[in-house]
Each structure stands twice: as C-alpha cells, then as structure tokens.
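*Asks:* Quick check, what structure comes out for this input:
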Amino acid sequence: MIEGTSIADKFTKIYASSFYYDEDGLAVWPAQVVNYTDKTQYLFRIEKGVLDVNDQSVNNYYSPDELKIPFRNIVYIGDSDTDIPCMKLVNVNGGHSIGVYNSETKDKSKVFRMLEENRIKYFEPADYSEGSSLEELLKTIIVRTKANEELEQVHYTCLKVEAEETHGQDEETKEKEILIDRLEASASFKNTHIIIKELQRVNNWTESEKEKLLKIALENNQVQLILSDEDVQKFFQKICNGNSENARKVLEKIDKRS
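*Replies:* Just a heads-up that it's a prediction; the model follows:
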C-alpha cells in the first residue's frame, strides 16, 4: 500500500509482508512474512540502522551514541493487538507509542486498556488528515525530540571529554578523586569523620590532590568546624607539608581551634 503512494520515495526502507509471483504475475508463495512478533525485529533494525533483512549484525552490541535512531526517537502508531509487542517495546525504551481508534464509532475501549497496561503513551482518532489531532500530536513529539537530541549530544560530548581526560588513570587515582568529591559534598560531622578515616589510609597524595583537600578544609563549613578534632587535625597536618598559601591558612585555623 505504501509503495503505491506518492510519498513512497520519501522512505529509506519499507517493511511489509510480500509474495513471490510467477511469470504470469500471480502470487504463489509468501516471500516475506511480517507478523506481530517479527515486527519487533524491524524496530531493532531501524534503531541500529541495519536495514538489510539478511544482515545479521543487527544482533551486535551498539553503544548508545552509535544508534542510528534510538528508541526514544521512534514513534509507533497502531490500532490492534498485533501492534502490542512493538508498542510495549517502544514505550518502555522511552519512545512514543500511539494507539488509534475508529474515528466514526469513537470506541476507545481498546486504547484505554493499552494505556492502562502501559502499552501506549497517547491515543488519538485514526484520522491522518492534515490538521487532525494526530498530526498535531506528531508535531509536538518532533519538537520535543529535537530538544532531547540536542541535550543528548551535549551529554555524549561530556562523556567523550571525560574519557579523554581520564584515559590511563589508574584505579587508585580514581578512588582518591571519589573520596575528595565525597569530602567536598559532606554535609554532616559524622559523614566527614567517616570520609577522613578513609582518606587516612591513602599515603601518596599528589600536590594537586593536596590542594583540592586544603581548599575543601577552607570552604566546607562542616570540615572547618571540626578541624581541631583529633582525626581531622592529624590528617590535614599530614598533608600540610608544603609551603602553599592554603596549607598555611589551614594550619592557622587548626592552631586557632586547638
């Protein structure tokens, strides 16, 4: 049906059941069958950009940034129980499943059930004409998808920068960074003491890491208020073995509170 329309050339690929025809043009055998379970395979092909039905790489793993059309950008429109597997697949993966109902009878019982069972996100009358509520819904989804993708690209850029800047970083360095971040975010005396205990187990701090810790001691109110506590004082005195301005300031605060 779609191949016989004026917009057929706008599609990259059209999947549908088809027949094998003899020399007289008579259908003699199903050449390709697309039933309700097979449909999900084609969604995965669209997601990964593997459109050739004979290409088995559709089963390969693709990282999120390699996906051609992620499920979050897929819109699936269906009107019957045979569409439910695809609707569910799209819906649970962040896409947009739309159930349509007969615009003449206005019987919504089926779409109400699909909505309740989390098969679909939206329902509209099966009116595909220009200006219909279905068209308006699709336009809204497109606007949202554009904004989402712009944000996703920022996210992937951040991941790329993080991977480049932490490449080759050993596990010990990563663990130290996590402890420093935890200390910086500490909002209670109890939690600060717990983190200090873990920090004390580390023997080799770089000058850069020491400066981060000293800055936290000067800026985090929870840390400042217990600088004179034995464990906190002992830790910071240990890393204040340089002549940096922050080291001097921390030692001064310790002296004042002792």
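*Asks:* Which secondary structure elements does the helix or strand bottoming out on mean pLDDT in the chain sit against?
*Replies:* Least confident helix or strand of the chain, by mean pLDDT, DSSP states H and E, is strand 27-32 with a mean of 86. Strand 27-32 sits against strand 18-21, with contacts defined as 3 or more C-beta pairs under 8 Å, 6 or more residues apart in numbering; DSSP states H and E. Glycine gets a C-beta too; all of them are placed from N, C-alpha and C.
*Asks:* neighbouring contacts of the strand it packs on?
*Replies:* 27-32 (C-beta atoms under 8 Å, 6 or more residues apart in numbering).
*Asks:* Quick check: phi and psi at residue 92.
*Replies:* phi -70, psi -20 (degrees, to the nearest 10).
*Asks:* follow-up on the earlier one: partner strands of the least confident helix or strand of the chain, with direction?
*Replies:* strand 18-21 (antiparallel) (DSSP bridges).
*Asks:* I'd like the distance from the strand it pairs with to the chain centre, please.
*Replies:* Counting by C-alpha atoms, centre = their mean, to the nearest Å, strand 18-21 is centred 41 Å from the centre of its parent chain.
*Asks:* Report the backbone C-alpha coordinates of it in PDB.
*Replies:* Output of strand 18-21 as PDB, limited to C-alpha atoms (Å, rounded to 0.1, in the frame of the first residue of the first chain):
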ATOM      1  CA  SER A  18       5.100  -9.800   0.400                       C
ATOM      2  CA  PHE A  19       4.600 -12.600  -2.100                       C
ATOM      3  CA  TYR A  20       6.600 -14.400  -4.600                       C
ATOM      4  CA  TYR A  21       5.000 -14.100  -8.100                       C
END
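*Asks:* Pull out the buried residues from it.
*Replies:* Applying a neighbour-count criterion of 16 or more other C-beta atoms under 10 Å, strand 18-21 contains no buried positions.
*Asks:* and the contacts of strand 18-21, which two are the farthest apart?
*Replies:* 28 and 32 (13.9 Å; C-beta to C-beta).
*Asks:* Identify the contacts common to those two.
*Replies:* With C-beta under 8 Å, 6+ apart as the test, residue 28 and residue 32 reach no residue in common.
*Asks:* in the chain, which spans are helices?
*Replies:* Per DSSP state H, the chain carries helices over the ranges 38-48, 84-92, 109-116, 133-166, 171-185, 189-199, 207-219, 221-225, 230-239, 245-257.
*Asks:* Comparing the ones you listed, which comes out most buried?
*Replies:* helix 84-92 (a mean of 20; mean count of other C-beta atoms under 10 Å).
*Asks:* gap between residue 139 and residue 132?
*Replies:* 11 Å (C-beta to C-beta, to the nearest Å).
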